[in-house]
Every structure is written in structure tokens, then in C-alpha cells.
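1. Sequence and predicted structure below; questions after.
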Amino acid sequence: MITTQPNCTDIFEPDLLPVSQAISHILSSLPLIEEDEVINIEKAKSRTLAQDIIASNNVPQHDNSAVDGYALSAKDIPTEGIASLTIMGSAFAGQAYTKAVSSGQCIRIMTGAIIPAGVDTVIMQEQVEVKNNTLYIDHRHSTGQNIRLAGEDLPKGETVLHIGKFITAADIGLMASLGIAKIKVRRKLKIAIASTGNELINIADTPSDNTLYDSNRYSLCALLDRPDIEIINMGILQDTPEALLASFKQASESADMIISTGGVSVGDADHTKTALKQSGQVDFWKIAIKPGRPLAFGHINNSVFFGLPGNPVSVMVTFSQFVLPALEAMLGIKDKLTTPTLQVKSSENIRKKPGRTEVIRGILQQQTDGAYSVKTTGKQGSGILRSMSLANAFIILEHDRSSVQVGESVTVQPFSGLF
């Protein structure tokens, strides 16, 4: 009988690192980008805040009306029946009523207008009657209604955004409300990407029977197309240990992270891991995950290195599960809207053996009763890139889980917010 070597079909191959341990190891060995730059806030969306934002004034600065209506003292609200008040004038946003309002009086007030002295309540215009400059109100009102208090949104002196905040559109509006025009953010993370494999050609080249178009770099470029990343596109590298070694060393002089695809398996022509061993440090290269088992992680000089598998689906899976958390950790992102995982019922049987995490391309859909279900995209080969195009979510089958039956709940990771 032939003695076989460990391979990707083995569930219990020795030295396979569980996904959770791989992620923990990666995150514990990353450098933090310390440098920052000053930019205008309108360019700050999806950047990482490098300073605390402290409210220099109250927002709003003054008590103001939340509605169009009439401002008065709550003491004039009747306990029963109807009360009449004299309308003394009007207040508009940007044009305050400067006189005090006495008992038995009120003013017409518009949304956003400053509340004048002697007033503590605003009644909506739809809830009153007005005749001959006299306001008529009943008892169905309470003290303080329809008034936005000074500092209700942002109190003066409060730290409203912290270092490490992943800046959203709402954050930009918040800073603008404080009159802030420029802020410090983490500088962009510089990521060099490369494809390996002598069979690969650029999409503008003429194909032959022995060539494949390079799709992985284009997937990576799209995945890394975000305001806090600067991409260094190294192209298709000559696939020899010497050439790869030289290219990786050169990239490490400027890049914070290097991502290559291909050449990390155990074949005679898989040279990426060999080059990494010669030029830097290999932390691990086999993970208990499908697809994406051969993944080299390490360091070259001051650069973090990810050697992703060559199969197109494996590239996208390993990017989402390992590279994305790493690059966001290097940027110091501490406060970002969470990409949720959901527990959803499977609408089909899914075969699996315990012993590795399986990331399956799925289609998450809402049923007529409002509940969600998920199904696979069909064939799950790591070279079937169409399965990623059809999918809108990953089905994550955990390390110790076995096969799934119809109706069982599975963990689903939607692509929205992930890609």
C-alpha cells in the first residue's frame, strides 16, 4: 500500500491551526500604525480618528423649539377648560424674540428658534386655535414639551469621539456641528499585492492553452478599495524563489503589509513559502479551514506578510477571515460598526465532518413570513469564483460542527459591510 502524505483532503492533518487560534496569533503579532495626518473632515469618511474630539460648546447652543407652534409658560396651561393668551410676536431660527414673555402671553415660534425668557413650553400649531391675535389652548399639555435643551446633543467639554473611531458620515456631521474643519487621522495603510504563478497572464494579454487570466489581483484591488488603504500593485511576479525573494524584500521597504496569492502549498513549484522563509519569518502556514488551508503568515523586515492560496474563492475567504481583521487592527480601529453574524435556518442539507471550519458561499433570503433562510450557491469548489458572485453571505460551519440538516440553524455572515 502507498504511504500518503498529509494533504488538503485530510480532516485531521497534523499541525493544522484552528481558525480561532490563527486569528488570535495574527492579531497579537501586528505592529500598530502610529503616524497620522491632518485632513479636511469632508475627506474623513472611513478613516481612523487619531485624536479625541471634545465638544468646545453645547450643541445646540441654546434651548430651542422642536416644532412650529407657540411658546408660553406652563403656568398658563389650564387644568380644565380653555385658556386664552395674547400673541406678542414671533421667533424664527436665526432671529430671536428678545423680550421676556409674561403670564397670559405667548409668542409664535418656529422650529429651531431660541426659547425666550419666561417660556418653558411649546405647543404644536396643530393643537391650538388662533383668532384675532389670541391663542386658545386646552389642558392636554405638559411642562417642557417640544423644547430641545442646550447641550442635549453634545454637552460642552464632553469627549464625543475617541481615538480609534472608524469615521462614519454621522461622525462627520457631528464634527461639523462643532465647527471642526480639520482632524488628525491615521495615515493610510500601505499594502503591496502580487500574484504568483507562471501560468498567469494579465487581462490584456493573449491567452494560450497553458495560461490563465490573473483574477486574484483584481479581487484584492476591489477588496482593498477603501479610503484608508494605499495599494502598491506589484503585478504578476516571476515564480522562482530568487525572484520572489527579491520582490518581497523590495516591497518590504515601503509596504506595511504584503499580500501574495499562490505558491503556498506543498508542490514542487510552490515557491512563496520558501521565499518567505529565506527573507523573513514564517509563523504558520496551515489552517484548519476550507477553503484556504494553505495560508502563510509571517514578517519580512517591518512588513506583515500574508501568502494566500491561489484559488480565487480561497483568496476572498481568507481575506475576509484573516487579512481584514489584521489590517483594521494595524490601523488602530477600535470602534467600528460591527459586521453581524446571524443565526438562520438552512433550507438544505449541508455535508460536513468535524475538525475544521468550513466557509460556504450562501444566498440569504427573506421568506414571505418575514423570516430568513439560507441556501448554498451550489458547487463549492475553491476555483469556482462564480459561487462568490452568486452569494450574498458566508455560511460559517464551526470547527466541531458536523453535517447540517434542513431546518437547522447555521451561522451566517452577510457580505454587506464585509465586502
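-> That came through, no problem. Computed from a prediction, not measured in an experiment: that's the story for all the values here.
2. Could you give the backbone dihedrals for residue 171?
-> Main-chain dihedrals, residue 171, degrees, to the nearest 10: phi -60, psi -40.
3. Verify the stated contact: it with residue 162.
-> No: the pair formed by residue 171 and residue 162 falls short of the contact definition of C-beta atoms under 8 Å, at 10.8 Å. All C-beta spots, glycine's among them, are computed from the backbone N, C-alpha and C.
4. quick one: which of those two has more around it?
-> A side-by-side neighbour count of residue 171 and residue 162, using other C-beta atoms under 10 Å, places residue 171 first with 21 against 12.
5. dump the residue contacts of the more buried one.
-> For residue 171, the contact set (C-beta atoms under 8 Å, 6 or more residues apart in numbering) comprises 44, 49, 161, 165.
6. thinking again about what came up before, list residues touching both of residue 171 and residue 162?
-> With C-beta under 8 Å, 6+ apart, residue 171 and residue 162 have common neighbours residue 49.
7. From the chain's centroid, how far away is the helix or strand of the chain with the lowest mean pLDDT?
-> Least confident helix or strand of the chain, by mean pLDDT, DSSP states H and E, is helix 272-279 with a mean of 70. Computed by C-alpha atoms, centre = their mean, to the nearest Å, the chain-centroid distance of helix 272-279 equals 32 Å.
8. Likewise for stretch 394-404?
-> Distance, centroid of stretch 394-404 to centroid of chain: 24 Å (C-alpha atoms, centre = their mean).
9. Return the distance of residue 71 relative to residue 145.
-> 11 Å (C-beta to C-beta, to the nearest Å).
10. do the same with residue 126
-> Distance from residue 126 to residue 145, by C-beta to C-beta: 13 Å.
11. more neighbours, those two?
-> Set residue 126 next to residue 145 and count neighbours by other C-beta under 10 Å: residue 145 wins out with 16 against 8.
12. and the residue lying closest to that one once chain neighbours are set aside, what is it in contact with?
-> Ranked by C-beta to C-beta, 6 or more residues apart in numbering and with sequence neighbours excluded, the top spatial neighbour of residue 145 is residue 121, at 5.7 Å. Listed by C-beta under 8 Å, 6+ apart, the contact partners of residue 121 are 71, 72, 73, 74, 77, 141, 142, 143, 144, 145, 146, 147.
13. got TSV for those, with secondary structure too?
-> Output for the contacts of residue 121, formatted as TSV (DSSP: H, G, I helix; E, B strand; the rest coil):
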residue	secondary structure
71	strand
72	strand
73	coil
74	helix
77	coil
141	coil
142	coil
143	coil
144	coil
145	coil
146	coil
147	strand
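14. Of those - the most surrounded one?
-> Comparing the contacts of residue 121 by number of neighbours (other C-beta under 10 Å), residue 72 comes first, having 28 neighbours.
15. For it, list the residues it contacts.
-> Counting by C-beta under 8 Å, 6+ apart, residue 72 makes contact with 85, 101, 105, 106, 107, 119, 121, 122, 123, 135, 137.
16. Surely the second one touches residue 71?
-> Yes: under the criterion of C-beta under 8 Å, residue 101 lies in contact with residue 71, with a separation of 6.9 Å.
17. Find the residues that touch each one of the two.
-> 107, 116, 119.
18. Sitting in strands, which of those residues do you find?
-> If you go by DSSP state E, the shared contacts of residue 101 and residue 71 have residue 107 in strands.
19. Tell me the one of the shared contacts of residue 101 and residue 71 nearest residue 363?
-> Using C-beta to C-beta, residue 119 comes nearest to residue 363 of the shared contacts of residue 101 and residue 71, at 57.4 Å.
20. Enumerate the beta-bridge partners assigned to the nearest residue to that closest one once chain neighbours are set aside.
-> Spatially, and ignoring its direct neighbours in sequence, residue 119 is nearest to residue 71 (4.3 Å; C-beta to C-beta, 6+ apart). When assigned by DSSP bridges, residue 71 has beta-bridge partners residue 107, residue 122.
21. Mind putting the contacts of residue 171 into TSV with neighbour count and distance to residue 402?
-> Shown next, in TSV, are those (neighbours: other C-beta atoms under 10 Å; distance: C-beta to C-beta, whole Å):
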residue	neighbour count	distance to residue 402
44	21	47
49	25	44
161	20	45
165	22	41
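22. which of the residues you listed lies closest to residue 351?
-> Among the contacts of residue 171, residue 165 lies closest to residue 351 (C-beta to C-beta), at 42.9 Å.
23. what's the spacing between the nearest residue to that closest one once chain neighbours are set aside and residue 159?
-> For residue 165, ignoring the flanking residues on the chain, the nearest one in space by C-beta to C-beta, 6+ apart is residue 49 at 4.2 Å. Per C-beta to C-beta, residue 49 is found 11 Å from residue 159.
24. how's this protein carved up into domains?
-> Using automatic domain parsing, the domains assigned to the chain come out as 19-35+187-330, 38-59+154-186, 64-148, 342-414.
25. deepest of these, which one?
-> Mean neighbour counts were taken over those using mean count of other C-beta atoms under 10 Å, and the top value, a mean of 19, falls to domain 19-35+187-330.
26. re earlier: same list, the contacts of residue 171, but as a markdown table with pLDDT please.
-> Formatted as a markdown table, the contacts of residue 171 follow (pLDDT from 0 to 100):
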| residue | pLDDT |
| --- | --- |
| 44 | 98 |
| 49 | 98 |
| 161 | 97 |
| 165 | 97 |
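27. If you count contacts, what does the helix or strand hosting residue 282 end up packed against?
-> Here residue 282, judged by DSSP states H and E, is contained in strand 281-286. Packing contacts for strand 281-286, counted by 3 or more C-beta pairs under 8 Å, 6 or more residues apart in numbering; DSSP states H and E, involve helix 19-28, helix 272-279, strand 294-300.
28. that's a strand at residue 374, yeah?
-> Yes: under three-state DSSP, residue 374 sits within a strand.
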